[in-house]
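Engineer: Need the 3D shape of this:
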Amino acid sequence: MVLPRRLARMNRVGLNRAVVLVAGYLPGFALVHHRGRRSGRAYQTPVNAFRIGNGYRVALTYGADSDWVRNVLATGDFDITVRGRTLHLVDAKIETDPSARWAPGPVSVALRRIGADTYLQCRLEEGSTRGRERAEG
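Structural biologist: Numbering: from 1, shown residues only. Modelled structure (predicted):
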């Protein structure tokens, strides 16, 4: 069982507003930049993300039905700010791994404990200058 939707709503209204200010700089955290599927409005969502090979895995602690996940899957690509650099990710897809061994030790334990066995797998866009321009600008 992933974290309850009620907690997600409370985080969106309260805690996320503060976390958005630092998530793009802290190890293990990132800031996903996405647009609403219907509204087209720009959003930023703090997440737990980890570099895996030529891409990133984002833990889906609130499940695959979260609005930000649905927004990203609708377009298949998005920007992510990790440790102060904004990168462009493509080929977003949901995968499952109940062991969560891809995450660092304490995070892996927490993900297993809450039953968050799905993650968003994405790869860095080859030759993308979008990330470099945003990181430098």
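Engineer: I'd assumed residue 95 was in a strand, is it?
Structural biologist: Yes. Under DSSP: H, G, I helix; E, B strand; the rest coil, residue 95 sits within a strand.
Engineer: Next one: it from residue 57, what distance?
Structural biologist: 8 Å (C-beta to C-beta, to the nearest Å). From N, CA and C alone the C-beta is placed, and that goes for glycine too.
Engineer: Now the common contact residues for those two.
Structural biologist: 119, 120, 121 (C-beta atoms under 8 Å, 6 or more residues apart in numbering).
Engineer: For the second one, list the residues it contacts.
Structural biologist: Read it as residue 120. So residue 120 contacts 57, 58, 60, 69, 72, 92, 93, 94, 95 (C-beta under 8 Å, 6+ apart).
Engineer: Tell me the bridge partners for it.
Structural biologist: Note on residue 120: beta-bridge partners by DSSP bridges are residue 58, residue 94.
Engineer: residue boundaries of the strands in this structure?
Structural biologist: 29-35, 42-52, 55-59, 78-82, 85-96, 118-124 (DSSP state E).
Engineer: Would you reformat those strands as a markdown table and include mean pLDDT and distance to residue 109?
Structural biologist: A markdown table is the format used below for these (pLDDT from 0 to 100; distance: least, C-beta to C-beta, whole Å):
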| stretch | mean pLDDT | distance to residue 109 |
| --- | --- | --- |
| strand 29-35 | 95 | 17 |
| strand 42-52 | 94 | 13 |
| strand 55-59 | 96 | 12 |
| strand 78-82 | 96 | 22 |
| strand 85-96 | 96 | 18 |
| strand 118-124 | 96 | 15 |
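Engineer: Same list (those) but as a markdown table, adding distance to residue 20.
Structural biologist: What follows is these, written out as a markdown table (distance: least, C-beta to C-beta, whole Å):
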| stretch | distance to residue 20 |
| --- | --- |
| strand 29-35 | 6 |
| strand 42-52 | 5 |
| strand 55-59 | 15 |
| strand 78-82 | 10 |
| strand 85-96 | 14 |
| strand 118-124 | 18 |
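Engineer: ok, the residue lying closest to residue 41 once chain neighbours are set aside - contacts?
Structural biologist: Excluding its sequence neighbours, the residue lying closest to residue 41 (C-beta to C-beta, 6 or more residues apart in numbering) is residue 35, at 6.7 Å. When contacts are counted by C-beta under 8 Å, 6+ apart, residue 35 touches 41, 42, 43, 71, 75.
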